[in-house]
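S.K.: this one's structure only:
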């Protein structure tokens, strides 16, 4: 584990039924870009975008700077620079599926690039991790033990081998939904710092008396979060039972309001 490093997860898999489209596509992808920027500029070393209703990320044939990925071809919305796409195939189950996909991706490998041979558009961690191992970590909650270790079956056939860009899994992960577009880097930075100094390693943004995002989880909690996440309930189910979570006041920086409907309709 790399001391004090934090990775980020953007939950962007939903169909956005009330909004009228997947929110990953909202405002031509502006919300998605804002969420990725908030995490990156707020202190996250790597950011994973969990997709679902839009399908797996697609190759961008128009990209002139390498093997880019698209969230959508029509409208054309690229995966934001500096973010890695992960597809939750069971996204319709609810936010729990996105949460598990994101945590598994963060946990699965010491470093990450997009695997050029990936047929589904999933970003596979390289080094000594095979695509099969990544999928196994994605689909099994016990892929992360309560001690915070990633399961390893020692199967290395066909592994992807590239130099590490970032060594070791992070000590914390910051989780953001795609639909809180006024939450910026200052909010993320404040909550990450609170989690780093908290004995529990748990912190959550609060706007007034309302819990919001980001939520920052120390690695020791990831397995229990995955076990407790079901249906349309993510980390909140686990956090409600934790008296040691730090509540971080952030209403001086943002409203933290999640946007469920297009502007002017509610």
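M.R.: Yep, it's here. Keep in mind that this is a model prediction, so the values were computed, not measured. Residues are numbered from 1 along each chain as shown.

S.K.: what ranges do the strands span in the protein?
M.R.: 2-12, 47-51, 58-59, 69-72, 77-78, 83-87, 170-177, 202-207, 210-218, 246-249 (DSSP state E).

S.K.: quick one: residue 216 and residue 172 touch, right?
M.R.: Yes: counting by C-beta atoms under 8 Å, residue 172 is a contact partner of residue 216 at 5.5 Å. (Glycine included, C-beta is placed from N, CA and C.)

S.K.: gap between residue 239 and residue 196?
M.R.: 17 Å (C-beta to C-beta, to the nearest Å).

S.K.: Mind listing the shared neighbours of residue 216 and residue 172?
M.R.: 6, 192, 195, 201 (C-beta atoms under 8 Å, 6 or more residues apart in numbering).

S.K.: Setting aside sequence neighbours, what's the nearest residue to residue 236?
M.R.: Spatially, and ignoring its direct neighbours in sequence, residue 236 is nearest to residue 211 (7.5 Å; C-beta to C-beta, 6 or more residues apart in numbering).

S.K.: hey, what's the one you found bridged with?
M.R.: residue 206 (DSSP bridges).

S.K.: Surely it is in contact with residue 191?
M.R.: No: assessed by C-beta under 8 Å, residue 211 is found out of contact with residue 191, at 11.5 Å.

S.K.: shared neighbours of those two, which are they?
M.R.: Between them, residue 211 and residue 191 share these contacting residues under C-beta under 8 Å, 6+ apart: 204, 205.

S.K.: Including neighbour count, could the shared contacts of residue 216 and residue 172 go into CSV?
M.R.: Converted to CSV, these look like this (neighbours: other C-beta atoms under 10 Å):
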residue, neighbour count
6, 28
192, 24
195, 26
201, 19
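
S.K.: Which of the residues you listed fall in helices?
M.R.: 192, 195 (DSSP state H).

S.K.: Save the shared contacts of residue 216 and residue 172 as JSON lines, and put in pLDDT too.
M.R.: Converted to JSON lines, these look like this (pLDDT from 0 to 100):
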{"residue": "6", "pLDDT": "96"}
{"residue": "192", "pLDDT": "98"}
{"residue": "195", "pLDDT": "97"}
{"residue": "201", "pLDDT": "97"}
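
S.K.: Among the shared contacts of residue 216 and residue 172, find me the one that's closest to residue 90.
M.R.: residue 6 (26.4 Å; C-beta to C-beta).

S.K.: and the gap between the closest residue to residue 45 other than its chain neighbours and residue 13?
M.R.: Ranked by C-beta to C-beta, 6+ apart and with sequence neighbours excluded, the top spatial neighbour of residue 45 is residue 5, at 5.3 Å. Noted for residue 5: a distance of 25 Å to residue 13, by C-beta to C-beta.
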